[in-house]
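**Student:** Next input, structure requested:
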Amino acid sequence: MELEIKRAPVHTLGDASALQIRWLGTACYALELGGLSVLLDPFVSNGFVYPWNMESRKDEVERLLAPLEPRPQAVFVSEGHTDHVLDAHRALALWPEATLWGSRTVKNVLAGHGLQERVRDVAKEPTGELFEPGEKPGVALRFQAFESKHTPHFKSGWTFLGGTVDEPLDDEPGFWDYVAGEAYNYLLEFRSLSDPKALPLNVFVLNAPHSRKFPLPSADTPIDVLLILTPSTETVEGDYPAEWIERLQPRVIVLSHFDDFMSPRDYDQEPPSEVLYEADITGFLLDAQRAALRYERFERIVVPALADPSHRSGNTVVRVPLTYRLEASEAAPEGPKSR
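**Tutor:** Sure, this is the predicted structure:
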(Lines give C-alpha, C1' and ligand atoms only; values in the text may rest on other atoms or scores of the structure.)
Protein backbone atom coordinates (compact mmCIF):
# COMPACT_ATOMS: atom_id res chain seq x y z
CA MET A 1 0.00 0.00 0.00
CA GLU A 2 1.38 3.42 -0.94
CA LEU A 3 0.60 7.01 -0.08
CA GLU A 4 -0.75 8.87 -3.10
CA ILE A 5 -1.38 12.60 -3.30
CA LYS A 6 -3.46 13.93 -6.18
CA ARG A 7 -5.75 16.81 -7.04
CA ALA A 8 -9.27 16.47 -5.72
CA PRO A 9 -12.17 16.52 -8.19
CA VAL A 10 -14.21 19.71 -8.42
CA HIS A 11 -17.81 19.78 -7.24
CA THR A 12 -20.46 18.83 -9.81
CA LEU A 13 -23.92 20.15 -9.08
CA GLY A 14 -26.68 17.54 -9.01
CA ASP A 15 -24.49 14.43 -9.42
CA ALA A 16 -26.73 11.50 -8.48
CA SER A 17 -24.12 8.81 -9.18
CA ALA A 18 -21.78 9.61 -6.28
CA LEU A 19 -21.75 11.14 -2.84
CA GLN A 20 -19.81 14.41 -2.85
CA ILE A 21 -18.17 15.46 0.40
CA ARG A 22 -16.80 18.97 0.86
CA TRP A 23 -14.62 19.69 3.89
CA LEU A 24 -15.06 23.28 5.05
CA GLY A 25 -12.67 23.00 7.99
CA THR A 26 -12.64 21.44 11.47
CA ALA A 27 -15.64 19.03 11.59
CA CYS A 28 -17.77 21.02 9.14
CA TYR A 29 -18.69 18.97 6.06
CA ALA A 30 -21.26 19.39 3.33
CA LEU A 31 -22.52 16.00 2.10
CA GLU A 32 -24.50 15.82 -1.12
CA LEU A 33 -26.09 13.20 -3.34
CA GLY A 34 -28.16 14.42 -6.26
CA GLY A 35 -30.35 17.25 -5.02
CA LEU A 36 -30.12 16.33 -1.35
CA SER A 37 -27.55 18.06 0.87
CA VAL A 38 -26.78 18.13 4.58
CA LEU A 39 -24.25 20.07 6.66
CA LEU A 40 -22.30 18.72 9.63
CA ASP A 41 -21.07 20.74 12.62
CA PRO A 42 -21.36 24.32 11.32
CA PHE A 43 -18.16 26.14 12.25
CA VAL A 44 -16.02 28.11 9.79
CA SER A 45 -15.10 31.16 11.92
CA ASN A 46 -11.41 30.37 12.29
CA GLY A 47 -8.71 32.63 13.62
CA PHE A 48 -8.70 33.85 17.22
CA VAL A 49 -5.74 34.20 19.57
CA TYR A 50 -7.63 32.82 22.55
CA PRO A 51 -10.66 30.49 22.57
CA TRP A 52 -12.73 32.86 24.67
CA ASN A 53 -12.36 35.54 21.97
CA MET A 54 -14.15 33.34 19.45
CA GLU A 55 -17.22 34.77 17.81
CA SER A 56 -19.21 33.86 14.76
CA ARG A 57 -17.90 35.80 11.76
CA LYS A 58 -20.67 36.75 9.37
CA ASP A 59 -18.25 37.38 6.49
CA GLU A 60 -16.71 33.89 6.67
CA VAL A 61 -20.09 32.18 7.09
CA GLU A 62 -21.50 33.97 4.05
CA ARG A 63 -18.37 33.38 1.97
CA LEU A 64 -18.12 29.64 2.70
CA LEU A 65 -21.70 28.54 3.40
CA ALA A 66 -23.95 30.84 1.36
CA PRO A 67 -22.61 29.53 -2.01
CA LEU A 68 -23.36 25.91 -1.14
CA GLU A 69 -25.60 24.40 -3.81
CA PRO A 70 -27.85 22.58 -3.37
CA ARG A 71 -28.82 24.34 -0.17
CA PRO A 72 -28.56 22.00 2.84
CA GLN A 73 -31.92 20.72 4.01
CA ALA A 74 -30.62 19.46 7.37
CA VAL A 75 -27.80 20.20 9.81
CA PHE A 76 -26.35 17.63 12.23
CA VAL A 77 -24.30 18.65 15.27
CA SER A 78 -22.09 16.24 17.22
CA GLU A 79 -21.61 18.27 20.41
CA GLY A 80 -21.90 21.76 21.85
CA HIS A 81 -18.42 23.30 21.75
CA THR A 82 -17.80 26.38 19.60
CA ASP A 83 -15.78 24.40 17.03
CA HIS A 84 -18.92 22.39 16.24
CA VAL A 85 -21.83 24.80 16.55
CA LEU A 86 -20.66 28.44 16.78
CA ASP A 87 -21.96 29.33 13.30
CA ALA A 88 -25.20 27.33 13.50
CA HIS A 89 -27.44 30.36 13.91
CA ARG A 90 -25.96 32.08 10.86
CA ALA A 91 -26.19 28.88 8.82
CA LEU A 92 -29.86 28.43 9.71
CA ALA A 93 -30.49 32.06 8.74
CA LEU A 94 -29.15 31.22 5.26
CA TRP A 95 -31.47 28.21 4.89
CA PRO A 96 -34.87 28.97 6.47
CA GLU A 97 -36.19 25.54 5.45
CA ALA A 98 -33.40 23.57 7.19
CA THR A 99 -33.77 21.76 10.51
CA LEU A 100 -30.90 21.15 12.93
CA TRP A 101 -30.50 17.92 14.91
CA GLY A 102 -28.35 17.95 18.03
CA SER A 103 -28.26 17.41 21.77
CA ARG A 104 -30.47 18.91 24.45
CA THR A 105 -27.57 21.23 25.33
CA VAL A 106 -27.25 22.42 21.73
CA LYS A 107 -31.00 23.03 21.56
CA ASN A 108 -30.92 25.03 24.81
CA VAL A 109 -27.91 27.11 23.76
CA LEU A 110 -29.42 27.95 20.36
CA ALA A 111 -32.60 29.00 22.13
CA GLY A 112 -30.59 32.12 22.97
CA HIS A 113 -30.72 32.91 19.25
CA GLY A 114 -34.47 32.21 19.16
CA LEU A 115 -33.98 28.92 17.32
CA GLN A 116 -35.41 26.30 19.68
CA GLU A 117 -38.29 25.61 17.26
CA ARG A 118 -35.83 24.72 14.50
CA VAL A 119 -33.65 22.42 16.61
CA ARG A 120 -34.57 18.79 17.30
CA ASP A 121 -33.26 16.98 20.37
CA VAL A 122 -31.86 13.67 19.07
CA ALA A 123 -32.31 12.09 22.49
CA LYS A 124 -36.05 12.36 21.81
CA GLU A 125 -35.84 11.81 18.03
CA PRO A 126 -32.78 9.57 17.46
CA THR A 127 -33.90 8.43 14.01
CA GLY A 128 -35.54 10.18 11.09
CA GLU A 129 -35.97 10.40 7.35
CA LEU A 130 -35.48 13.28 4.95
CA PHE A 131 -36.57 13.28 1.31
CA GLU A 132 -35.35 15.59 -1.39
CA PRO A 133 -37.96 18.33 -1.84
CA GLY A 134 -39.96 18.31 -5.04
CA GLU A 135 -42.74 16.35 -6.69
CA LYS A 136 -40.42 13.52 -7.78
CA PRO A 137 -37.81 13.09 -5.07
CA GLY A 138 -34.76 11.27 -6.39
CA VAL A 139 -32.83 10.80 -3.16
CA ALA A 140 -33.72 10.05 0.44
CA LEU A 141 -31.72 10.27 3.65
CA ARG A 142 -32.31 8.19 6.74
CA PHE A 143 -30.32 9.05 9.85
CA GLN A 144 -29.66 7.49 13.23
CA ALA A 145 -27.99 9.16 16.22
CA PHE A 146 -25.70 7.15 18.49
CA GLU A 147 -25.17 8.39 22.02
CA SER A 148 -21.59 8.93 23.11
CA LYS A 149 -19.53 11.33 25.23
CA HIS A 150 -16.96 13.99 24.43
CA THR A 151 -13.46 12.52 24.50
CA PRO A 152 -11.41 14.07 27.35
CA HIS A 153 -8.83 16.66 26.38
CA PHE A 154 -6.32 15.24 28.86
CA LYS A 155 -5.40 11.78 30.10
CA SER A 156 -6.63 12.79 33.55
CA GLY A 157 -10.15 12.60 32.11
CA TRP A 158 -10.77 16.37 32.18
CA THR A 159 -12.78 17.95 29.36
CA PHE A 160 -12.63 21.70 28.77
CA LEU A 161 -16.14 23.14 29.10
CA GLY A 162 -17.53 19.70 29.67
CA GLY A 163 -20.85 20.53 31.30
CA THR A 164 -24.45 20.67 30.07
CA VAL A 165 -27.04 23.41 29.58
CA ASP A 166 -30.28 22.14 31.10
CA GLU A 167 -32.62 25.07 30.43
CA PRO A 168 -33.15 27.21 27.31
CA LEU A 169 -31.05 30.40 27.28
CA ASP A 170 -32.91 33.69 27.30
CA ASP A 171 -30.06 35.73 25.81
CA GLU A 172 -27.56 35.20 23.00
CA PRO A 173 -24.91 32.72 24.11
CA GLY A 174 -21.35 33.78 24.90
CA PHE A 175 -18.25 31.61 24.60
CA TRP A 176 -18.64 30.05 28.06
CA ASP A 177 -22.17 28.88 27.22
CA TYR A 178 -20.86 26.60 24.46
CA VAL A 179 -20.20 23.57 26.64
CA ALA A 180 -19.75 20.06 25.25
CA GLY A 181 -23.04 18.75 26.57
CA GLU A 182 -24.26 15.39 25.33
CA ALA A 183 -22.31 14.02 22.35
CA TYR A 184 -23.57 11.98 19.40
CA ASN A 185 -22.19 10.10 16.42
CA TYR A 186 -24.41 9.80 13.33
CA LEU A 187 -25.19 7.18 10.72
CA LEU A 188 -26.40 8.83 7.51
CA GLU A 189 -27.92 6.50 4.91
CA PHE A 190 -28.26 8.06 1.46
CA ARG A 191 -30.60 6.18 -0.88
CA SER A 192 -31.40 6.61 -4.56
CA LEU A 193 -35.16 6.45 -5.18
CA SER A 194 -34.77 6.56 -8.95
CA ASP A 195 -32.30 3.67 -9.37
CA PRO A 196 -33.50 0.44 -7.71
CA LYS A 197 -30.14 -1.25 -8.34
CA ALA A 198 -28.18 1.35 -6.38
CA LEU A 199 -27.30 0.25 -2.86
CA PRO A 200 -27.71 2.65 0.06
CA LEU A 201 -24.54 4.61 0.77
CA ASN A 202 -23.82 4.74 4.50
CA VAL A 203 -21.73 7.47 6.14
CA PHE A 204 -20.74 7.17 9.79
CA VAL A 205 -19.72 10.43 11.47
CA LEU A 206 -17.38 9.57 14.36
CA ASN A 207 -16.67 12.82 16.19
CA ALA A 208 -17.08 11.31 19.67
CA PRO A 209 -15.25 7.96 19.90
CA HIS A 210 -14.52 8.21 23.65
CA SER A 211 -15.21 4.65 24.81
CA ARG A 212 -16.00 1.10 23.67
CA LYS A 213 -19.14 1.09 25.80
CA PHE A 214 -21.04 3.40 23.45
CA PRO A 215 -22.98 1.83 20.56
CA LEU A 216 -21.99 1.61 16.91
CA PRO A 217 -24.15 0.58 13.93
CA SER A 218 -25.09 -3.09 13.78
CA ALA A 219 -22.58 -5.49 12.23
CA ASP A 220 -24.78 -6.03 9.15
CA THR A 221 -24.65 -2.30 8.28
CA PRO A 222 -21.93 -1.79 5.65
CA ILE A 223 -20.12 1.51 6.21
CA ASP A 224 -19.11 3.17 2.95
CA VAL A 225 -17.55 6.32 4.42
CA LEU A 226 -16.14 6.91 7.88
CA LEU A 227 -15.56 10.55 8.85
CA ILE A 228 -13.19 10.09 11.75
CA LEU A 229 -11.93 12.43 14.47
CA THR A 230 -8.15 12.70 14.03
CA PRO A 231 -6.80 14.25 17.27
CA SER A 232 -7.39 12.88 20.79
CA THR A 233 -5.80 9.52 19.96
CA GLU A 234 -4.18 9.39 23.40
CA THR A 235 -7.37 9.94 25.40
CA VAL A 236 -9.78 7.52 23.71
CA GLU A 237 -10.36 4.28 25.55
CA GLY A 238 -8.90 1.35 23.59
CA ASP A 239 -6.69 1.22 20.50
CA TYR A 240 -7.84 4.28 18.58
CA PRO A 241 -8.26 4.59 15.64
CA ALA A 242 -7.39 0.99 14.74
CA GLU A 243 -10.02 -0.71 16.90
CA TRP A 244 -12.84 1.51 15.63
CA ILE A 245 -11.80 1.07 12.00
CA GLU A 246 -11.68 -2.71 12.38
CA ARG A 247 -15.12 -2.74 13.97
CA LEU A 248 -16.73 -0.50 11.32
CA GLN A 249 -14.73 -1.73 8.28
CA PRO A 250 -15.44 1.31 6.05
CA ARG A 251 -14.72 1.40 2.32
CA VAL A 252 -13.38 4.96 2.52
CA ILE A 253 -11.86 6.68 5.56
CA VAL A 254 -11.87 10.50 5.62
CA LEU A 255 -9.91 12.36 8.28
CA SER A 256 -11.69 15.12 10.19
CA HIS A 257 -10.98 17.92 12.68
CA PHE A 258 -7.20 18.05 12.18
CA ASP A 259 -6.75 21.69 11.17
CA ASP A 260 -5.78 24.42 13.64
CA PHE A 261 -9.08 26.25 13.91
CA MET A 262 -7.50 28.82 16.25
CA SER A 263 -5.31 30.15 13.42
CA PRO A 264 -6.62 32.33 10.60
CA ARG A 265 -6.65 30.79 7.16
CA ASP A 266 -3.91 32.03 4.88
CA TYR A 267 -5.11 31.69 1.30
CA ASP A 268 -1.66 32.62 -0.01
CA GLN A 269 -0.37 29.24 1.16
CA GLU A 270 -1.47 25.71 0.29
CA PRO A 271 -3.14 24.30 2.27
CA PRO A 272 -4.45 27.55 3.79
CA SER A 273 -4.60 26.19 7.36
CA GLU A 274 -2.07 24.71 9.78
CA VAL A 275 -2.42 21.32 11.45
CA LEU A 276 -3.82 21.26 15.00
CA TYR A 277 -1.03 20.68 17.52
CA GLU A 278 -2.85 17.62 18.93
CA ALA A 279 -3.25 15.98 15.52
CA ASP A 280 -0.50 13.46 14.75
CA ILE A 281 -1.55 12.89 11.15
CA THR A 282 1.40 10.66 10.30
CA GLY A 283 0.85 8.38 13.27
CA PHE A 284 -2.89 8.36 12.68
CA LEU A 285 -2.48 7.38 9.03
CA LEU A 286 -0.11 4.54 9.89
CA ASP A 287 -2.48 3.19 12.55
CA ALA A 288 -5.46 3.54 10.23
CA GLN A 289 -3.62 1.79 7.42
CA ARG A 290 -2.64 -1.08 9.73
CA ALA A 291 -6.29 -1.63 10.64
CA ALA A 292 -7.82 -1.08 7.21
CA LEU A 293 -5.57 -3.53 5.36
CA ARG A 294 -7.02 -6.37 7.44
CA TYR A 295 -10.37 -6.41 5.62
CA GLU A 296 -11.24 -6.65 1.93
CA ARG A 297 -13.78 -3.81 1.60
CA PHE A 298 -11.19 -1.10 2.25
CA GLU A 299 -10.45 1.21 -0.69
CA ARG A 300 -8.65 4.34 0.49
CA ILE A 301 -7.83 6.82 3.25
CA VAL A 302 -8.32 10.50 2.40
CA VAL A 303 -6.79 13.58 4.00
CA PRO A 304 -9.25 16.02 2.42
CA ALA A 305 -8.37 19.36 0.85
CA LEU A 306 -10.17 22.40 2.22
CA ALA A 307 -13.03 23.28 -0.07
CA ASP A 308 -13.89 26.88 -0.88
CA PRO A 309 -17.35 26.99 -2.49
CA SER A 310 -16.85 30.66 -3.34
CA HIS A 311 -14.17 29.74 -5.92
CA ARG A 312 -14.74 27.20 -8.67
CA SER A 313 -11.16 25.89 -8.68
CA GLY A 314 -11.16 25.47 -4.88
CA ASN A 315 -14.63 23.93 -4.65
CA THR A 316 -13.25 20.42 -4.33
CA VAL A 317 -14.86 17.21 -3.11
CA VAL A 318 -14.15 13.71 -1.92
CA ARG A 319 -16.17 11.69 -4.42
CA VAL A 320 -17.57 8.27 -3.42
CA PRO A 321 -19.52 6.52 -6.23
CA LEU A 322 -22.63 4.52 -5.48
CA THR A 323 -22.33 0.75 -5.63
CA TYR A 324 -24.90 -1.49 -7.29
CA ARG A 325 -26.66 -4.74 -6.56
CA LEU A 326 -25.06 -7.87 -7.96
CA GLU A 327 -26.82 -10.87 -9.38
CA ALA A 328 -27.06 -13.75 -6.93
CA SER A 329 -24.32 -15.66 -8.76
CA GLU A 330 -21.95 -12.70 -8.39
CA ALA A 331 -22.65 -11.89 -4.75
CA ALA A 332 -19.61 -11.75 -2.53
CA PRO A 333 -19.46 -13.90 0.60
CA GLU A 334 -20.79 -12.32 3.76
CA GLY A 335 -18.31 -10.49 5.97
CA PRO A 336 -17.85 -10.77 9.72
CA LYS A 337 -20.93 -10.23 11.87
CA SER A 338 -19.35 -9.05 15.10
CA ARG A 339 -18.90 -5.36 15.88
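
**Student:** Now do P67, the pLDDT please.
**Tutor:** pLDDT recorded at P67 is 96.

**Student:** Phi, psi for it please.
**Tutor:** When quoted as degrees, to the nearest 10, the phi and psi of P67 stand at phi -80, psi 0.

**Student:** cool, E243 as well?
**Tutor:** phi -60, psi -40.

**Student:** Distance check, it against A291.
**Tutor:** For E243, the distance to A291 (CB to CB, to the nearest Å) stands at 8 Å. Heads up, the C-betas are built off the backbone N, CA and C, glycines and all.

**Student:** Give me the secondary structure label for L92.
**Tutor:** Counting by DSSP: H, G, I helix; E, B strand; the rest coil, the backbone at L92 sits in helix.

**Student:** the longest helix in the chain is where?
**Tutor:** Using DSSP state H, we find that the single longest helix of the chain is helix 281-292.

**Student:** So what's the gap between that helix and the chain middle?
**Tutor:** 19 Å (CA atoms, centre = their mean, to the nearest Å).

**Student:** for stretch 139-148, same thing?
**Tutor:** 12 Å.

**Student:** List the buried residues in it.
**Tutor:** Going by neighbour count (16 or more other CB atoms under 10 Å), the buried part of stretch 139-148 is 139-146, 148.

**Student:** For it, give the mean pLDDT please.
**Tutor:** 97.

**Student:** swap in stretch 209-224?
**Tutor:** For stretch 209-224, mean pLDDT rounds to 94.

**Student:** got it, and stretch 87-95?
**Tutor:** 97.

**Student:** and what of stretch 180-199?
**Tutor:** Rounded mean pLDDT across stretch 180-199 is 95.

**Student:** and it, how far from the chain's centre?
**Tutor:** Chain-centre distance of stretch 180-199: 12 Å, with CA atoms, centre = their mean.

**Student:** Show the end-to-end separation of that stretch, please.
**Tutor:** End-to-end span of stretch 180-199 (CA to CA, to the nearest Å): 35 Å.

**Student:** just to revisit the earlier point, could you list which of the buried residues of stretch 139-148 belong to strands?
**Tutor:** Assigned to strands by DSSP state E, the following of the buried residues of stretch 139-148 qualify: 139-146, 148.

**Student:** Would you convert these into a markdown table that also reports distance to E62?
**Tutor:** Output for those, formatted as a markdown table (distance: CB to CB, whole Å):
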| residue | distance to E62 |
| --- | --- |
| V139 | 27 |
| A140 | 30 |
| L141 | 26 |
| R142 | 31 |
| F143 | 27 |
| Q144 | 32 |
| A145 | 29 |
| F146 | 32 |
| S148 | 32 |
